[in-house]
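**Student:** From the sequence below, what's the structure:
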Amino acid sequence: MKRARTLSVIGAGEASPAQRRIALEVGREVARQGAVLVCGGRGGVMEAAARGAREEDGHTVGILPSSDRAQANPYIEFAIATGMGEARNAIVVASGDAVIALEGEAGTLSEIGLAMKLRRPVVALNSWQNIEGLRRAESPREAVALALSLARRSR
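**Tutor:** Sure thing, here's the model as predicted:
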């Protein structure tokens with residue numbers, strides 16, 4: 001049986017309306033391309049991306065920091081309760097064939113670093129600019145297409 005392609009989407013836990021709009025479109029595009037969206041399962045960028053994916057009948061996985069699955073946002077189809085706090089960031093990025101990094105803070109930056117250590121391709125969309133090895137995209141559609149292309153090459 002062929003395994004589904006997975007894209008991890010990371011970004012701000014408390015996101016502005018503009019950040020949420022971009023995340024929503026990323027989630028929609030992930031689903032349109034037939035990939036499974038993996039995220040941290042909580043609010044902000046994670047919730048908006050998961051909402052976008054579910055609106056397009058896509059699948060979503062939330063890797064939660066707590067041991068309470070009820071803390072997942074309402075758009076998470078499969079909630080994974082870790083009880084690991086921020087250490088769950090390693091699971092979020094390891095679960096994706098590639099990572100799309102949206103604007104965020106220290107947690108997002110740590111996930112970018114972990115993804116790169118794990119040799120997961122990282123595509124930045126409105127995210128950090130001066131990290132060697134990051135690929136950049138100008139739109140949600142371009143970010144998803146590039147992430148899927150890089151994921152195929154890194155297998």
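
**Student:** Identify each buried residue in the lowest-mean-pLDDT helix or strand in the chain, please.
**Tutor:** One helix or strand of the chain scores below all others by mean pLDDT, DSSP states H and E: helix 140-154, with a mean of 90. Neighbour-count burial for helix 140-154, counted by 16 or more other C-beta atoms under 10 Å, picks out 140, 143-144, 146-148, 150-151. Every C-beta, even on glycine, is put in place using the N, C-alpha and C of the backbone.

**Student:** And those, which is closest to G43?
**Tutor:** The shortest approach to G43 among the buried residues of helix 140-154 belongs to P140, at 19.2 Å (C-beta to C-beta).

**Student:** For C39, see how far away the closest one is.
**Tutor:** With distances taken as C-beta to C-beta, to the nearest Å, P140 is found 15 Å from C39.

**Student:** Check the residue nearest to A101 when sequence neighbours are not counted and give its pLDDT.
**Tutor:** Spatial nearest neighbour of A101, chain neighbours left out: S127 (4.4 Å); criterion: C-beta to C-beta, 6 or more residues apart in numbering. With respect to pLDDT, S127 has a value of 88.

**Student:** residues touching S127, list them.
**Tutor:** S127 makes contact with 11, 101-104, 108, 112, 134, according to C-beta atoms under 8 Å, 6 or more residues apart in numbering.

**Student:** Among the residues you listed, the buried ones, what's the ChimeraX command?
**Tutor:** In ChimeraX syntax, the buried subset of those is picked out as below (16+ other C-beta under 10 Å):
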select :11,101,102,103,104,108,112,134
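
**Student:** So which of the contacts of S127 are in helices?
**Tutor:** Using DSSP state H, 108, 112 are the members of the contacts of S127 that sit in helices.
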